[in-house]
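Colleague: Generate coordinates for the sequence data below:
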Amino acid sequence: MDLMYPKGWPELFMQHSGDALGLCIAMDTDRTPGDELTLQKLVCYLERVEWLMIYGRQTYEFLRMATRPAPRLRRLALGSQPTGPRSPRNQVTQDFVVPSDLFAGHVPSLYALLLNGLPIDPSSPLLSTNLTLLALIRGQPKYHTRGRFLSLLDLIEVLRRMPRLEMLLMNDVLTLPQQMGR
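Modeller: Predicted structure coming up:
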């Protein structure tokens, strides 16, 4: 029995939080029992969440389910790096990209975005003008599911849309320039 993650704690927490706003939720989906059910219930409370961090293989499942608006979400950290035993149900395809309909594209309060091992389309609504912190990390090489995903020109366009950006962290996400004239 893992005392850090007692069975049923997320549901109990949500029930007792009533109508409280500004919820802060952190989950390691590879270590938390009953993840799929917990993720499904979490999606129902997105309008109340201010800070959200989800890591592990079931992050992909969350990304597929989280299509409701998250108007209070201020900080979002998502990572696909596995932290526990492999689960074939949550293997990702080579062409996976953070869905553009994530949170119905409605995250007006988002100012900090960290994606670890999760490619994002440069036109994603998550890459908004409100961001002050953006971290795009390709992750550990042994867990790469696809190549680098952002060209230098795309990065420049993304940064032009972010006048408030104060901190940019990137690791191994830029595509290599194509050879010219050959």
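Colleague: Please, where are all the strands along the chain?
Modeller: Per DSSP state E, the chain carries strands over the ranges 23-28, 49-55, 75-79, 112-116, 133-137, 167-171.
Colleague: now for the fifth one, which elements pack on it?
Modeller: Translated: strand 133-137. strand 112-116, strand 167-171 (3 or more Cβ pairs under 8 Å, 6 or more residues apart in numbering; DSSP states H and E). Backbone N, C-alpha and C define where each C-beta goes, glycine included.
Colleague: As a markdown table, those with mean pLDDT would be great.
Modeller: Converted to a markdown table, those look like this (pLDDT from 0 to 100):
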| stretch | mean pLDDT |
| --- | --- |
| strand 112-116 | 94 |
| strand 167-171 | 93 |
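Colleague: Turn those strands into TSV, including mean neighbour count and distance to A135.
Modeller: Below are the helices and strands packed on strand 133-137 laid out as TSV (neighbours: other Cβ atoms under 10 Å; distance: least, Cβ to Cβ, whole Å):
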stretch	mean neighbour count	distance to A135
strand 112-116	20	4
strand 167-171	12	4
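Colleague: want to try TSV for those strands, with distance to E61 as columns?
Modeller: Converted to TSV, the helices and strands packed on strand 133-137 look like this (distance: least, Cβ to Cβ, whole Å):
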stretch	distance to E61
strand 112-116	16
strand 167-171	25
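Colleague: Out of those strands, the one nearest L153 is which?
Modeller: With Cβ to Cβ as the measure, strand 167-171 is the member of the helices and strands packed on strand 133-137 nearest L153 (14.9 Å).
Colleague: So which residues of this protein form helices?
Modeller: Per DSSP state H, the chain carries helices over the ranges 9-16, 35-43, 59-65, 152-160.
Colleague: what's the first-to-last distance across stretch 100-107?
Modeller: 12 Å (Cα to Cα, to the nearest Å).
Colleague: Quick one: neighbours of the nearest residue to R164 once chain neighbours are set aside, just the number.
Modeller: Once flanking residues are discounted, R164 sits nearest to T132: 5.1 Å by Cβ to Cβ, 6 or more residues apart in numbering. T132 has 13 neighbours, counted by other Cβ atoms under 10 Å.
Colleague: Now do the contacts for T132.
Modeller: Neighbour list for T132: 111-112, 164-167 [criterion: Cβ atoms under 8 Å, 6 or more residues apart in numbering].
Colleague: Isn't L169 up against N116?
Modeller: No: look at L169 against N116 with Cβ atoms under 8 Å: they stay out of range, at 10.2 Å.
Colleague: what sits in contact with each of those two?
Modeller: 135, 137.
Colleague: May I ask which helix or strand of this structure has the lowest mean pLDDT?
Modeller: helix 9-16 (a mean of 65; mean pLDDT, DSSP states H and E).
Colleague: Fine by me, we can end here.
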